[in-house]
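K.L.:
Just to be clear, the model below is a prediction. Sequence and coordinates:
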Amino acid sequence: VNVAIVGGGPAGLYLAILLSKLDRGVDVRVLERNPPDATFGFGVVFSEETLGALRDADPETHLEITDTFARWDRIDIRFQGRELSSRGHTFSAIARKRLLEILQARCRELGVALEFGVEVAELPWADLVVGADGANSLVRRFADFGTKVRSEGSKYVWFGTDHVFDAFTFAFRETEHGLFNAHAYPYDERMSTFIVECPERVWQRAGLDEMDEQESLTFCEQLFANELRGRELFSNRSLWLDFPKITNRTWHSGNLVILGDAAHTAHFSIGSGTKLAMEDSISLAAALARRRWDLDAAFVDYELEREPYVERTQDAASDSAAYFGRIASYSHLEPIQFAFNLITRAGRITHSTLSVRDPHFTRALDSWLGGRPVSPPPAFSPYELRGVRFENRFELVEGEAAVSEDGRTSCEEAAVPDGKLLLRLTHAGRRGATQPRSRGVDLPLQDGWPVVAPTKRPYGPFGAVPGAPDEDAVLEAFVAAAGKAQAAVLEIDMAHGYLLGSYLSPLTNDEADRLRFPLRVLEAVRAAWEGPLAVRLSVTDWHPRGNQIDDGIAIARALAEHGCDLVHVEAGQTIHDDRPQYRRGFLTALSDRVRNEARVPTLVGGYLTTLDEANTIVGAGRADLVLLDLPETEIEHPVATSESRSLGEVRA
Amino acid sequence: VPGVTGEVLLDWARRADEGPFSSVAVLDRVVYDSYEPFAALAAAAAATSRVRLATMIAIGPLRATALLAKQAASVHGLSGGRLTLGLAVGARTEDFDTAGVEHKGRGKKLGEQLAYIRGNVDGDLVGPSRDGIEILVGGLSGSAYARMARYADGYAHNGGPPRAFANAAGRALAAWNDLGRPGKPKLWGQGYFAFADPDRGDAYLRDYYAFTGPFAEKIAAGQLTSARAVKDYVRGYEEAGCDELVLFPTVTGIEELERLQEAIA
């Protein structure tokens, strides 16, 4: 079998090694456009799992790689003149150059033909052609892989330094232009990788768009002089870049297959690029062996095995990239909370997993929130809102009351639950006069009452055409209901396309000042209600012509200025045919942005089914209060006995 | 499966009704050698007395709304209330072109159909009664989950490894929760199997899903070809919260049904 691998990076070389080992009949060539000793970037990071996979795949190179590794288990976070450490995170890193030397040497030993300085102008002739030629892959031009490239995260530049860090270090530096941050980690006994990052507008304000390579290096060196302990930064064509997120609909076509960065990239801030690439090589080589070089079958196996893992990693990487893009909004957090928010940014580490890795860290977080040296986890910490004390963060239960007869959704009487009540005052607007929810939602009653909204369009199919609301009457109804309300927290419903929510969206209200009437209601209710006052808000309409997240944050800010104590974060349902993004905890990221950008306390639900989610959300400052949907679990079952008594009888 | 006779089809239905199975299901395609789903279920209704009769799924927007409602209500009535109506937007443009139906706007049309069928907006003029038809909605877009939670009783997944089902089920539950529906949606899953002649089954799946391009190979690779694979699949789906799992044969021999029965016993 003839194999041509385009690209002599870690993925290509490693695949060459694994394929040559498969059997003697395999003839492998690696075609690399650069000379053998050219390298870009400084160090690369691996995790423990990846190392295990490398050991199983090729023990010889594993030994050499791990020999030269820098290893550490700490994350240091330097923020506002303080340094916080979290332990128990196992990392290893190696100089990219050293990694390539090891892999090249092993290739030669196995008889792989390494051809350097080769530009691939046309598809090389071989039984199997592999595109391992990175994010800017040329091989991708030879077939339709359905490639998509878009940039994500902030501007960044990749340096080396001879200051040897002893932990994975995140450093934050406030400047007159805005917030900069650095990602630094050691990769051998002499050197560290040092990546500097900032949002594009900060980058422009600082004039970095007009600096040359040396000027920007000097700028970064001075900015992070403290972290570098007076050591230098080194450049290796170190230019400011945008990170390209690459996805492909398929990773193979005919006898052509792509892997590593050519197939998928993951933002550097979770350090998974090289790891993913080498794992791809292992998976592809194993599939070819298993399928005895039936290329189609092997490619399908390879994709099926790698796709879910790659997708999860890319999602986590995108979350991480977006987090660093809005990092300035977290600068108001206490350092311990800031650090926990950072550590849990990509959803891969939670309060529970961190408490296993680093119990000291979570204990410090818990006691800061709980106010005692030994405190229960964040969801159990007390909270106070406008004089009302909460024993924990999840004790609120929702109840709902329509402010008027015509503001009801259906004829059913809603039962008011027991517990610490969040009473929502609602007017259904054009979503009124519908059949009971047990049957479906927004199914109009055949003999319903007239509905009102600031738009003439019905909410859904077969819905009634709304009339114009009598605003004074609606306002009075809200105030009257507030006067009678008995609850721990009173809430005004401005979400999900109900009457006040439909005022807020450009999809359903043409007037220029869409906040006019909702704010009038808010102020009037505020005057009639002394306790904590919440507003339920659709932060985004999930529609291209509707309110976007930034609009929602601006609305939340306005609500807070007009007396709202707590924003209950919701999304969508403003119109019937929106494009929602459902998953477990789908509102958490929105709540994080509202709380930290509008700087207003938030309440969030969104199908949270575990206490761990609540602990992570509250601990990281993504919300102040949560609504849990704990599933009913049956862990105890009746025991079948010879007398076939039920468990209840046995107990009795 | 192309070429299958009505006799074989009803034999499967009859044997399923006698066996441990709880439903028989059909799928829907215009430009293919396959039976129209409501006609097939009506025939199955006469040949069976116990099992539920399900479309998994029928392409709603291909049909005029009132006629779809009438077809569904008819099968439901003829079978003594055993219909589970799984609906989705469909994916093949050629089915829409051939049926002379606009492909664009099919999501919106499905929403209207669901509101019509579930909401009794016609004032019960189009009988027989649709009361008690169990409605499922399929699809992987956010809008599909919302449609499911708004109008249906459950979710119809399109197949794949248990973790893909678990992921979709999480989204379905989140949507159900977001729309304030009481209780939980019914979660239906599906898979393909062939014991005796997996290569023929493979060829059928590649052909049936050819319109998806490279995806067809993955569907074929996911075909269950041994008792062990079926058992693992069933267990995986059960753990992921699946309420009803539809296993579609890709070859037609009735022995396949017996082997399936042994595998899940």
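P.N.:
Perfect, thanks for sending it.

K.L.:
Do I have it right that B:Ala58 meets B:Thr84?
P.N.:
No. The criterion here is Cβ atoms under 8 Å, and B:Ala58 misses it with B:Thr84 at 10.7 Å. Quick note: C-beta positions are derived from backbone N, CA and C, even for glycine.

K.L.:
Does A:Gly146 touch A:Arg249 like I think?
P.N.:
Yes. Using Cβ under 8 Å as the test, A:Gly146 is close enough to A:Arg249 to be in contact (2.7 Å).

K.L.:
OK, contacts around A:Arg516?
P.N.:
Going by Cβ atoms under 8 Å, 6 or more residues apart in numbering or on different chains, A:Arg516 touches A:Tyr503.

K.L.:
how about 10 Å then?
P.N.:
A:Glu471, A:Tyr503, A:Asn509 (Cβ atoms under 10 Å, 6 or more residues apart in numbering or on different chains).

K.L.:
ok, now how distant is it from chain B?
P.N.:
With distances taken as Cβ to the nearest Cβ, to the nearest Å, A:Arg516 is found 28 Å from chain B.

K.L.:
Count the neighbours of B:Ala115 for me.
P.N.:
Look at B:Ala115: counted by other Cβ atoms under 10 Å in any protein chain shown, it has 25 neighbours.

K.L.:
and if you look at A:Val600?
P.N.:
A:Val600: 20 surrounding residues under other Cβ under 10 Å.

K.L.:
A:Val388: how many residues sit nearby?
P.N.:
Around A:Val388 there are 14 residues (other Cβ under 10 Å).

K.L.:
Just list the residues touching it, thanks.
P.N.:
Going by Cβ under 10 Å, 6+ apart, the list of residues near A:Val388 reads A:Lys420, A:Ala487, A:Ala488, A:Val489, A:Gly531, A:Pro532, A:Asp565.

K.L.:
any shared contact partners between A:Gly146 and A:Arg249?
P.N.:
What both A:Gly146 and A:Arg249 touch, as defined by Cβ under 10 Å, 6+ apart, is the set B:Gly213, B:Pro214.

K.L.:
Contact partners for residue 139?
P.N.:
Since no chain was named, I'll use chain A. A:4-7, A:31, A:120, A:123-124, A:129-133, A:145, A:256-258, A:262.

K.L.:
Switch to chain B, please.
P.N.:
Applying Cβ under 10 Å, 6+ apart to B:Gly139 gives the contacts B:57, B:87-91, B:107, B:110, B:145-148, B:155-158, B:168.

K.L.:
A:Ala364 now?
P.N.:
A:Leu84, A:Ser86, A:Ile336, A:Ala339, A:Phe340, A:Asp358, A:Pro373, A:Ser375.

K.L.:
Out of those, who's the most crowded?
P.N.:
Busiest of those [other Cβ under 10 Å] is A:Phe340, holding 29 neighbours.

K.L.:
Would you mind measuring from that one to A:Leu276?
P.N.:
26 Å (Cβ to Cβ, to the nearest Å).

K.L.:
Check B:Ala175 too.
P.N.:
Counting by Cβ to Cβ - B:Ala175 and A:Leu276 are separated by 31 Å.

K.L.:
who has more neighbours, those two?
P.N.:
Each of B:Ala175 and A:Leu276 has its neighbours counted (other Cβ under 10 Å); B:Ala175 has more, 26 against 23.

K.L.:
and that one, that's in a strand?
P.N.:
No. Secondary structure of B:Ala175 (DSSP: H, G, I helix; E, B strand; the rest coil): helix, not part of a strand.

K.L.:
Before we move on, what's the pLDDT of it?
P.N.:
On the pLDDT scale, B:Ala175 is placed at 98.

K.L.:
likewise the one 10 residues further on?
P.N.:
The model reports B:Pro185 with a pLDDT of 98.

K.L.:
Kindly report the same for B:Ala210.
P.N.:
With respect to pLDDT, B:Ala210 has a value of 89.

K.L.:
For A:Arg108, which non-adjacent residue is closest in space?
P.N.:
Distances taken as Cβ to Cβ, 6 or more residues apart in numbering or on different chains put A:Leu114 closest to A:Arg108, at 6.8 Å, once the chain neighbours are dropped.

K.L.:
er, A:Arg82 actually
P.N.:
Once flanking residues are discounted, A:Arg82 sits nearest to A:Pro335: 4.8 Å by Cβ to Cβ, 6+ apart.

K.L.:
what's the answer for B:Glu244, then?
P.N.:
Nearest to B:Glu244 is B:Trp188, by Cβ to Cβ, 6+ apart, at 4.8 Å.

K.L.:
who in the stretch 1-150 of chain A is up against chain B?
P.N.:
For the stretch 1-150 of chain A, the residues found near chain B under the criterion Cβ under 10 Å from any Cβ of the partner chain are A:Asp144, A:Phe145, A:Gly146.

K.L.:
distance of the first one from B:Gly213?
P.N.:
If I follow you right, that is A:Asp144. Separation of A:Asp144 from B:Gly213 (Cβ to Cβ): 9 Å.

K.L.:
okay, and the common contacts of these two?
P.N.:
With Cβ under 10 Å, 6+ apart, A:Asp144 and B:Gly213 have common neighbours A:Arg249, A:Thr250, A:Ser253.

K.L.:
Please give me every residue in contact with the last one.
P.N.:
When the contact criterion is Cβ under 10 Å, 6+ apart, the partners of A:Ser253 are A:Val129, A:Gly131, A:Arg140, A:Phe142, A:Ala143, A:Asp144, A:Phe145, A:Gly146, A:Phe299, B:Gly213, B:Pro214.
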